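# The following block contains a protein sequence and its predicted model.
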Amino acid sequence: MPHSGHSDSCVFFGSGPVAAESLELLMQHTTIEAVVTKPRPPHHKGDVPVLELAQRHSLPVVTASTKQELEQVMSEQSFASPYAILIDFGIIVSRQVIDYFPLGIINSHFSLLPHLRGADPITWAIANGDPKTGVSLMLIDEGMDTGKLLTSRVLPIEPTDTTPSLTHKLIQLSDTLLQEYVPPYLTGTLTPKAQPHPDRATYSRKLTKADGNINWDEPAQLIEQKIRAFQGWPQSRTRLGSVDVIITKAHVSSSQTPLSVLCGDGNYLAIDFIKPAGKKEMPAEAFLRGYSL
């Protein structure tokens, strides 16, 4: 495929809400030649954020649902951009697709690689109680987040951070790094380096709905971290008396409070905000007044 080498434009690969927010920022400083994303699923009523954003801004769109489909549709394109940026895409990219771009595909991964390679790194950083996370800009290769790094930068995790709040901060940091480090990479003044200590790599797995079921045998601190980590999805569910609830905010307490649960380590988890099934979120006091447990 011929490339006329417009180094000021790129192709963007992304599908989810994080990709949409990232693309919105990227468009303010980078020319987007085209957007590669997943198609709207049949009978899908919800948002397709990247597709809708691309259409609003009249950007050319290429869609694929699988690795094979992606290879097929990419072989039919003749993009001029020498590189691509990939964020929150959700499809495995083969060597054939990577090689389509002379300068490769830059992935913004929301962890400090090689820590938390894989899916949902933001959620697991909070759930694990990590003191910090960050953004790594990496050239994609065939491995699972094993590519060479352009840069990485640390972001502390605050004790109040939830997955939505931390995601928003990381998207902003990612955009800052793309603005700072992509231009020197494109001109050849920045050389990507292998990830440090690959033998110490850790992997996060994809979240499941079952992760949201609270296990009260776990330590109170771990449950509190998971409540912040699983905000948005899958949420932290339990049953209090005969009421199915989602706990949205809690804190660890060494003694009992009006609404608290004894955990596996002998500490209490004091519930601050709670959402009974089919109802709006409410403070613990309102819940105690309205429900007899």
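That came through fine. Predicted model only: the values in this text are computed from it and were never measured.
# Can you show me the helices along the chain?
Here the chain has its helices, by DSSP state H, at 17-26, 49-56, 67-75, 95-98, 121-127, 163-186, 220-229, 284-290.
# Run the chain-centre distance for the shortest one.
In this view, helix 95-98 has its centroid 23 Å away from the chain centroid, taken as Cα atoms, centre = their mean, to the nearest Å.
# who does that helix touch, helix- and strand-wise?
Judged by 3 or more Cβ pairs under 8 Å, 6 or more residues apart in numbering; DSSP states H and E, helix 95-98 is in contact with helix 67-75. Placement of C-beta: from N, CA and C, glycine included.
# Contacts for the helix it packs on next, please.
36, 62-64, 91-94, 96-97, 100 (Cβ atoms under 8 Å, 6 or more residues apart in numbering).
# Let me see the mean pLDDT of it.
Here helix 67-75 scores 96 as its mean pLDDT.
# follow-up on the earlier one: which one among the contacts of helix 67-75 gets closest to Arg228?
Ile91 (29.1 Å; Cβ to Cβ).
# In this structure the closest one contacts Val62, no?
No. Applying Cβ atoms under 8 Å as the test, Ile91 and Val62 come out as separate, 11.8 Å apart.
# quick one: contacts for Phe12?
With Cβ under 8 Å, 6+ apart, Phe12 has these contacts: 19, 23, 26, 32, 34-36, 84-87.
# and Tyr181, how many neighbours does it have?
19 (other Cβ atoms under 10 Å).
# And for Ile246, nearest residue in space, chain neighbours not counted?
Spatial nearest neighbour of Ile246, excluding adjacent residues (Cβ to Cβ, 6 or more residues apart in numbering): Lys275 at 4.3 Å.
# Okay, strands next: where are they in the stretch 151-293 of the chain?
203-204, 236-240, 243-253, 260-262, 268-276, 282-283 (DSSP state E, counting those that start in this stretch).
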